[in-house]
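S.K.: sequence plus predicted model, see below.
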Amino acid sequence: MAISFALEGTCGAARAGTVRTPHGDVPTPAFMPVGTQGTVKGLTPEMVRAAGAHIILGNTYHLALRPGDELVRDLGGLHKFMNWNGPILTDSGGFQVFSLASQVKITDHGAKFKSHIDGSPLELTPERAVEIQQNLGSDIAMVLDECPPADADPAKMRAAVARSIKWAERCKQHHSRPQQAQFAIVQGGLNLELRAECAKELVALDFPGYALGGFSVGEAPEAMHAALPACAACLPEHKPRYLMGVGRPQDLLAGAASGIDMFDCVMPTRNGRNALAFTSDGPIRLRNAKFRRDAAPVSSDCACYCCANYSRAYLHHLFAANEMLGPTLLSVHNIAFYLTLMREARAAILEKRFESFRAACLARWNAAP
RNA sequence: GGGUAGGUGGCAGAGCGGUCAAUUGCACCAGACUGUAAAUCUGGCCUCUUCGGAGUUCGGGGGUUCGAAUCCCUCCCUACCCA
């Protein structure tokens, strides 16, 4: 068994547990910083760990294109290559089928891409996605899925679900790395019946973990929040549940409240690079002139390296001067903020006070001036 | 004292008779960012505005013209060269 999941406590639908992997344990609910190209942008692994991360993401599509999955394999695997010895989850490239859609042609066989790097043609099939992730040596691999946009018409949505199920089967069939767990991905958009159907088929295939894909792809956040409880409830209780690509802090809490265990999102790092800081009083834009002389730390009660040592005024200066330390420090903070939130959420679940914790967080974030 | 090249919006720098409130970059102001083609992108940036427009701008003054940032005269200023 490549991974196992221990459920340690619940509070309503919310769950606290531990995902055990060959490279270490992950307490849940967990947030996974995104390191698409074999790096959490701007941060060393030491910084990522110090910020509180237990597990990070890598990406099949990007790493296969460059430097190449066989190269990574030959150099000892992704953990060694990037010097991260904790757990790694690799995304399958399914999201790139969505986000690079203008250059992608999808057939039942696979997704034909044009490389965003040099335009060269390539095809990502379910089998190839499995192979790449096995070469990378991640602890958790994702099946290749088709992730339609939120406004896709019902027929397209249904077809994407059908294809995602077939592809999941092929991925499972092709998978052969015992120390790697493969998670399936439920699609279906906001159609709960379709979601349930998709989940049922995938659960029958008995994967060690299940993800909800196809959220935060253009729909209103409230619509996603409303759909999550039912979607999560379709998944096995004794296996980890992963909400892919989500989201803002309030989305993570909504997910956790619905019974989701794992999250990933580029938001803390990308927004950090773009001078937006998540704070206990809501998001702030450190490029704004009002922070020019603000001696306070980025977030008032944050214990991260950034907040322990630097002022908002200094961060404002770094971004104004275009200094690379600005994005780095703010990525450190934002990741720490997300991970602290998950740690507190976990404690609140175990202490059966998750809903009041969530309500308090939302009240504070929304009270911002 | 003589010559030459110039003086355009916070700065740099286009424009050289009408389509110019004036290209562009920087700076500045604000916004966006959800399984990362993103240290990126979008909008604003003379004044007023009922957002339809309206009013004042291109060193100062005067002139030519239906019309001038653009042509002429004059004054002021800057840079370089010659005495």
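M.R.: In hand now; what should we look at? Numbering: from 1, shown residues only, chains lettered A, B, ... in the order given.

S.K.: and the lowest-mean-pLDDT helix or strand in chain A, what other elements does it pack with?
M.R.: Using mean pLDDT, DSSP states H and E, the weakest-scoring helix or strand in chain A turns out to be helix A:94-99, at a mean of 88. Packing contacts for helix A:94-99, counted by 3 or more Cβ pairs under 8 Å, 6 or more residues apart in numbering; DSSP states H and E, involve strand A:111-114. Heads up, the C-betas are built off the backbone N, CA and C, glycines and all.

S.K.: let me see the mean pLDDT of the strand it packs on.
M.R.: With pLDDT averaged residue by residue, strand A:111-114 scores 90.

S.K.: what pairs with that strand, and is each one parallel or antiparallel?
M.R.: According to DSSP bridges, the neighbouring strands of strand A:111-114, each with its direction, are strand A:105-106 (antiparallel), strand A:121-124 (antiparallel).

S.K.: adding distance to RNA strand B, mean neighbour count and mean pLDDT, write those out as CSV.
M.R.: Formatted as CSV, these follow (distance: least, Cβ to the nearest atom of the strand, whole Å; neighbours: other Cβ atoms under 10 Å; pLDDT from 0 to 100):
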stretch, distance to RNA strand B, mean neighbour count, mean pLDDT
strand A:105-106, 13, 15, 91
strand A:121-124, 12, 15, 91
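
S.K.: nearest approach to A:Ala64 belongs to which of these?
M.R.: strand A:121-124 (7.9 Å; Cβ to Cβ).

S.K.: would you mind extracting the C-alpha trace of that closest one into PDB?
M.R.: Backbone C-alpha positions of strand A:121-124 (Å, rounded to 0.1, in the frame of the first residue of the first chain) are rendered in PDB as follows:
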ATOM      1  CA  PRO A 121       3.400  18.700 -31.100                       C
ATOM      2  CA  LEU A 122       2.900  16.100 -28.400                       C
ATOM      3  CA  GLU A 123       0.200  13.800 -27.200                       C
ATOM      4  CA  LEU A 124      -0.700  13.200 -23.600                       C
END
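
S.K.: any idea which helix or strand comes after it?
M.R.: Sequence-wise, the next helix or strand downstream of strand A:121-124 (DSSP states H and E) is helix A:126-136.

S.K.: wait, does that following helix contact RNA strand B?
M.R.: No - where contact is defined by Cβ under 7 Å from any atom of the strand, no part of helix A:126-136 touches RNA strand B; the two come within 9.6 Å at best.
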